[in-house]
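below are the sequence and a predicted model for it; my questions follow.
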Amino acid sequence: MLSHPSLCQADLAETIERIKPAIVGIGTFQKLQSPPVNFLGTGFVITDGSHAITNAHVIQDIVNDASKNSLIIMTGSGDKPELRNASIVTLDKEHDLALLHFEGSALPAMKLGNADKTREGESLAFTGFPIGMVLGFYPVTHRATVSSITPIILPAQNARQLDAAKIRQLQKSAFKVFQLDGTAYPGNSGSPLYHPDTGEVYGVVNMVFVKGKKESLLSDPSGISYAIPGKYIIDLIK
């Protein structure tokens, strides 16, 4: 039986309302800077409500930073989000994932679904901060179709297209990612990709990391978006 379009929209609307408190901003805080808060990307709360997932590349400057910038998560909405100190628990650079712990009371957490059951053609959604805090701290939701489940990197057509990074990646497992028919922006890095009805997370939206590998052979990179499958989150938190 076919679903009525208005019912599908209602399901997503209800899901967005439920999961928005679990969507957080990732950034740094330096009291003497102007502005003191520097937005880096999106994250989402999991497990016990005091941990968040984001992309490793979102916080790479913090990992290598010798300054006094503090890692923070931002929660709430509006012009003055609540800032909480955060720390890095562990990194998975191969799959570009990071697990963070943050201070304060527990926040609502998103449930991890079975990413292996995700199929091409499936309609999902992702919520994050595509342009950061330029227009205020308000999460934005986009629909996306899984257009392909494809290896993160393909063998080069000739030796001139190879470099050290590509060789290292090819020597590892060329794991598969979700190619999305949906527009994401750099600020969306770390956004949860989830089922519009249940809110279960199937992946993590990723822009820079995947595009740098998958589309590096293209002279004119496409506007395609990607997501890291959620099964690697499960491996990370184990």
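Done, it's in.

tell me what residue 88 is bridged to.
residue 100 (DSSP bridges).

which parts of the protein are helices?
5-19, 60-63, 164-171, 208-214, 231-237 (DSSP state H).

where along this protein do the strands fall?
23-29, 37-46, 51-54, 70-75, 82-92, 97-102, 123-128, 140-151, 176-181, 192-194, 201-206, 225-229 (DSSP state E).

could you check how far the spatially most central residue of the chain is from residue 40?
With distances taken as Cα atoms, centre = their mean, residue 190 lies nearest the centre of the chain, 1.9 Å away. Residue 190 is 9 Å from residue 40, where distance means Cβ to Cβ, to the nearest Å. From N, CA and C alone the C-beta is placed, and that goes for glycine too.

tell me the contacts of the closest residue to the residue nearest to the centre of the chain other than its chain neighbours?
Nearest in space to residue 190, with sequence neighbours left out and distances taken as Cβ to Cβ, 6 or more residues apart in numbering, is residue 54 at 3.6 Å. Neighbouring residues of residue 54 by Cβ atoms under 8 Å, 6 or more residues apart in numbering: 26, 41-44, 97-98, 100, 189-190, 204.

I'd guessed the residue nearest to the centre of the chain sits against residue 56; true?
No - if you go by Cβ atoms under 8 Å, residue 190 and residue 56 don't touch, sitting 9.5 Å apart.

give the rounded mean pLDDT of stretch 224-231.
Mean pLDDT, computed over stretch 224-231, is 92.

and if you look at stretch 92-108?
Average pLDDT, stretch 92-108: 96.

quick check: buried residues in that stretch?
95-102, 107 (16 or more other Cβ atoms under 10 Å).

shaky segments in the protein?
Scanning the chain for pLDDT under 70 picks out 1-10, 63-67, 153-173, 208-223.

ok, 50 please
1-7, 155-159, 161, 217-221 (pLDDT under 50).

residue 90 and residue 51: what is the separation?
As defined by Cβ to Cβ, residue 90 lies at a distance of 10 Å from residue 51.

who touches residue 204 in this structure?
With Cβ under 8 Å, 6+ apart, residue 204 has these contacts: 53-55, 97, 190-193, 227-228, 230, 233.
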